[in-house]
Each structure stands twice: as C-alpha cells, then as structure tokens.
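Visitor: Mind looking at a prediction? Sequence and model below.
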Amino acid sequence: MNSFQLDENEYNPHYKSYILALGNVELFEILNDSFEDLLKTVKDLPEEKLTFRYGEGKWTIKELLQHLIDTERIMSYRALRFSRNDATELQGFDENWYVENSNGNKRNFKDLVEEFRCTRRASISLFKSFTNEMLTLSGIANGSDMTVRALGFIIAGHQMHHLKIIKERYF
C-alpha cells in the first residue's frame with residue numbers, strides 16, 4: 001500500500017500536508033522508519049530539554065510524545081471501526097485539552113517512549129491485519145469521510161510533522 005494511491009477525497013483536507021510530506025512511500029516502511037527516526041532524535045535528551053517550551057502555550061517534548069500516542073490510538077481506533085463496516089459517525093477530539101489533561105510532563109520519559117513503541121507496534125499489527133478490501137472502507141470522523149488506509153498514512157504523517165517541529169524548534 002503506497003501513499004500515492006490515496007485520493008484526496010479519502011481524508012480531511014487538514015491532513016493533506018501530512019500525506020504529501022511523506023512522498024511516495026509504503027505504509028509499513030514509513031511507520032517503521034518514522035518511529036525509529038523519532039526515537040533516535042529524542043532518546044538521549046536531558047530532562048531540561050524534555051520539559052522545555054520554545055514559546056508561550058507550546059508543548060514540551062514529553063507532551064508532544066504523549067500527544068503522538070493519544071492521536072495514534074484515536075486514529076487506529078477509527079481505522080478499526082471503519083474496517084468493520086461500522087457506520088457510526090465518530091467525533092473529533094480537542095488535542096489541546098488532551099495534552100492539558102495528559103500529565104505528560106510528570107511522566108517518566110522512558111515509560112513514554114515504551115508506551116509509544118507499544119502503540120506503534122499495535123498500529124502496525126492492526127494495519128497488517130486488514131485485507132485490501134478493508135483498507136478501502138471508509139467512515140466519517142470529525143465530520144469528514146476517511147478511509148482505513150488514509151488513517152494509516154495520517155498516523156505516519158502526523159508523527160513526521162511533529163518530528164520536524166522537534167528538530168526545528170527544540171535543537
């Protein structure tokens with residue numbers, strides 16, 4: 001499954017930049033590679049960097065990692081529901097409220113990294129379980145049609161978006 005196979009009508013226009021930034025990639029390759037790139041980038045950071053904010057109201061790296069975990073779980077949940085032909089319209093979520101209530105800065109960083117590792121492995125396993133037909137199924141999330149396969153690329157693109165921010169703003 002390749003990102004260039006997606007049509008723009010398979011996802012909310014908000015996610016277009018995430019998907020286009022991936023280039024021409026296979027889903028499982030980018031899910032693995034992006035995960036490894038993030039870990040290499042943040043693994044040896046001192047605690048003061050992990051709780052640093054580059055601006056008023058901006059998230060720390062710990063909060064960003066918690067946000068990635070939360071968002072990946074939500075996107076995977078949506079993919080699961082849609083892959084099972086569930087026609088229930090799914091609500092959006094307020095990412096700022098989630099971060100504010102996550103307790104991310106008080107968490108042990110190694111625990112956050114391990115949770116992210118487990119979440120990503122679970123996402124990869126989930127997407128590998130889908131048949132080609134399931135990958136093209138769709139549902140409505142946050143008021144927009146979304147296909148199962150688009151959600152996989154959104155997970156990767158979302159993480160790459162935040163990795164770019166980490167590299168540009170925290171180093």
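Guide: Cool, the structure landed. The structure displayed is predicted, hence computed values, not measured ones. Residues are numbered from 1 along each chain as shown.

Visitor: wait, what's in contact with residue 49?
Guide: Counting by CB atoms under 8 Å, 6 or more residues apart in numbering, residue 49 touches 61, 170. Quick note: C-beta positions are derived from backbone N, CA and C, even for glycine.

Visitor: cutoff 10 Å now
Guide: For residue 49, the contact set (CB atoms under 10 Å, 6 or more residues apart in numbering) comprises 42, 60-62, 166, 170-171.

Visitor: Which secondary structure element is home to it?
Guide: Assigned by DSSP states H and E, residue 49 falls within helix 47-50.

Visitor: and the lowest-mean-pLDDT helix or strand in the chain, which residues are buried?
Guide: Confidence across the helices and strands of the chain bottoms out at helix 47-50, with a mean of 90, counting by mean pLDDT, DSSP states H and E. Residues of helix 47-50 classed as buried: residue 50 (neighbour count, 16 or more other CB atoms under 10 Å).

Visitor: What is the distance between that helix and the centre of its chain?
Guide: 22 Å (CA atoms, centre = their mean, to the nearest Å).

Visitor: Over to stretch 70-86?
Guide: Put simply, stretch 70-86 sits 12 Å off its chain's centre (CA atoms, centre = their mean).

Visitor: quick one, phi/psi of residue 145?
Guide: Per-residue torsions, residue 145: phi -70, psi 140 (degrees, to the nearest 10).

Visitor: gap between it and residue 109?
Guide: Separation of residue 145 from residue 109 (CB to CB, to the nearest Å): 37 Å.

Visitor: if you count what's nearby, which of those two comes out ahead?
Guide: Each of residue 145 and residue 109 has its neighbours counted (other CB atoms under 10 Å); residue 109 has more, 18 against 14.

Visitor: Could you pull up the contacting residues of that one?
Guide: 42-43, 45, 47, 50-51, 61-62, 65.

Visitor: Brilliant, that's me finished.
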